[in-house]
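1. Provide a 3D model corresponding to the input given below.
(chains A, B, C and D)
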Protein chains: 2
Amino acid sequence: MSDLSAAALTQVADYFKVLSELSRLQVLCALKSGTKNVSEIMDATGLGQANVSKHLKMLTQAGMVKRQPQGVSVYYQIADPLIFDLCELVCQGLEARLQAQSQQLQQLEILRQPPSNR
Amino acid sequence: MSDLSAAALTQVADYFKVLSELSRLQVLCALKSGTKNVSEIMDATGLGQANVSKHLKMLTQAGMVKRQPQGVSVYYQIADPLIFDLCELVCQGLEARLQAQSQQLQQLEILRQPPSNR
DNA sequence: CTATTATATTACTATATGGTAGTATTATTG
DNA sequence: CAATAATACTACCATATAGTAATATAATAG
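-> Numbers count the residues shown, from 1 in each chain, chains lettered A, B, ... in the order given. Down below sits the predicted model:
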């Protein structure tokens, strides 16, 4: 757990770090429906050009996205569908937690009823 | 993809962000084998006291870890086993990528054989 | 070759955060 | 109550990084 896998854990942490920014998740979501070039990604996400370019570089280096120049523009596509499995799992977890919280709130509501007699 | 789920994507990003640091993954791994108090976590990870405390706070707020004071010490345990499923998936993905890379290296090796005759 | 368009890179600022020393808080013991 | 031990909090520094403006590079059209 300590020495041996510290390097491995670092790689896992780095992978998660790429997925830990709204803008990059937006780029990935924009590519979920299919291949897009940089301009199309900018339109889909509303992010600036330099910004999109930077994020795409990170995503490419992380192996999550594949880059293919085509004429004057460059098309990108999802290279690692695992990403969406991960997001799906996290969403399910968050959803479950929200439901639990709303249940707790309901119970508080019940307790908050003013005493009917006394 | 754009407006509606931006808030949802932010939550997903925040979740990943908690998992995107080596120290926090080390804390989680230390807790994988069972409940531990802060001192034990410090021993297992080699992290400083204030540092562990801060990370534990983040992990608790993210719902990944459960806090239970017991006498003078405070015990923590994994509250969300999903974490390890996520790490497992990422590890598998990284492993697959490494294998592919080593395969590519092998092919390069073959090409690098010096011409036997001429 | 020149102009134009698409993308990438660089330099910079503002912000966020990991680590740590010092201090505060809380529980236990005598 | 005083002393001690375990944990939490605060203030601070150093570093990393998201966003952006300006510039560079590459490909195509004329």
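2. spit out the contact partners of residue A:81.
-> Taking C-beta atoms under 8 Å, 6 or more residues apart in numbering or on different chains as the definition of contact, residue A:81 has no neighbours. Placement of C-beta: from N, CA and C, glycine included.
3. torsion angles phi and psi at it?
-> phi -60, psi -20 (degrees, to the nearest 10).
4. retrieve the pLDDT associated with it.
-> pLDDT, residue A:81: 91.
5. distance of it relative to residue B:6?
-> Counting by C-beta to C-beta, to the nearest Å, the separation of residue A:81 from residue B:6 is 22 Å.
6. residues in contact with residue A:43?
-> Contacts for residue A:43 (C-beta under 8 Å, 6+ apart) come out as none.
7. kindly report the domain assignment for chain A.
-> Taking automatic domain parsing as the reference, chain A has its domains at A:1-80, A:81-118.
8. just name the most buried of these.
-> By mean neighbour count, with neighbours taken as mean count of other C-beta atoms under 10 Å in any protein chain shown, domain A:1-80 ranks first of these at a mean of 17.
9. give me the contact list for stretch A:14-30.
-> Against stretch A:14-30 from outside (C-beta under 8 Å, 6+ apart): A:36, A:40-41, A:44-45, A:47, A:51-52, A:55-56, A:58-59, A:62, A:64-65, A:78, A:83-84, A:86-87, B:1-2, B:5-6, B:9-10, B:12-14, B:16-17, B:19-21, B:90, B:93-94.
10. how about the helices of chain A, start to end?
-> A:6-18, A:22-32, A:38-45, A:49-61, A:82-112 (DSSP state H).
11. pull out the CA atoms of the second one and give them to me as CSV.
-> Going back to what we said before, that points to helix A:22-32. What follows is helix A:22-32, C-alpha atoms only, in CSV (Å, rounded to 0.1, in the frame of the first residue of the first chain):
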residue,chain,number,x,y,z
LEU,A,22,-15.6,21.1,-15.5
SER,A,23,-14.2,22.4,-18.8
ARG,A,24,-12.6,19.1,-19.7
LEU,A,25,-15.7,17.2,-18.8
GLN,A,26,-17.6,19.5,-21.1
VAL,A,27,-15.2,18.9,-23.9
LEU,A,28,-15.6,15.1,-23.4
CYS,A,29,-19.3,15.4,-23.4
ALA,A,30,-19.2,17.4,-26.6
LEU,A,31,-17.3,14.6,-28.1
LYS,A,32,-19.6,11.9,-26.8
